[in-house]
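Undergrad: predicted model follows, preceded by the sequence.
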Amino acid sequence: MRKLILSLVVLGTVTTGARAADAAFYLEYYRDNLFLGLAYHRVGCLTDWNTVQSSQDYDGFTNNRYCHAGANPESVPSASWYGYDFLSSSASTAQAQLNTCSNNTNSRYGTPNFAASSNTCGYNIFSNCNSDCWIRYFSTCMGQTIGTLSPCFGYSFP
């Protein structure tokens, strides 16, 4: 009986360790329906597929909060799941990539610290200065371009 209990304890420890070693981080994208299914606000949240890992929203041109650390990714308020990017099995590597791309995108669109409005251009859905273009530029930097309806005239890849 002791051998069985010891075996189960060892098996549990090995299984838990294997799960931790296989940890992976994702940038999951969600979209919030703004107008009759024609206009959406898109946002990215850092997850491990089961839990939102950070309260940082990866988006521009809004004050709405979508990502809440510790929450289930399916609980992103007012938004539906849209897609994802695998980032890394290392939290520091994933965060470094997110920081680099968000800093580049915030600089490009004049939205310091993910500001709700731009310091360099006026919000215009028909031009390249809106949340669609922000998320397209950011997602391209992250490795997978998220499709949007805005034409983003003058758009250039990071």
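TA: Structure received.

Undergrad: all contacts plus neighbour counts: C-alpha atoms, from now on.
TA: Noted.

Undergrad: by mean pLDDT, point me to the weakest helix or strand of the protein.
TA: Least confident helix or strand of the chain, by mean pLDDT, DSSP states H and E, is helix 2-21 with a mean of 38.

Undergrad: and the next element down the chain from it?
TA: Later in the chain than helix 2-21, the nearest helix or strand by DSSP states H and E is strand 25-35.

Undergrad: show me the shaky parts of this protein.
TA: Low-confidence segments of the chain (pLDDT under 70): 1-22, 38, 155-158.

Undergrad: okay, which residue is most central for it?
TA: With distances taken as CA atoms, centre = their mean, the residue of the chain nearest its centroid is Gly44 (2.4 Å).

Undergrad: list the contacts of Cys101.
TA: Shown in contact with Cys101 (CA atoms under 8 Å, 6 or more residues apart in numbering): 138, 141-142.

Undergrad: how about a cut-off of 10 Å?
TA: Contacts for Cys101 (CA atoms under 10 Å, 6 or more residues apart in numbering) come out as 58, 95, 107, 137-143, 158.

Undergrad: coming back round to it: quickly list what the closest residue to the residue nearest to the centre of the chain other than its chain neighbours is bridged to.
TA: Leaving aside its sequence neighbours, Gly44 sits nearest to Tyr29 (CA to CA, 6 or more residues apart in numbering; 4.3 Å). Beta-bridge pairing for Tyr29 (DSSP bridges): Gly44, Gly83.
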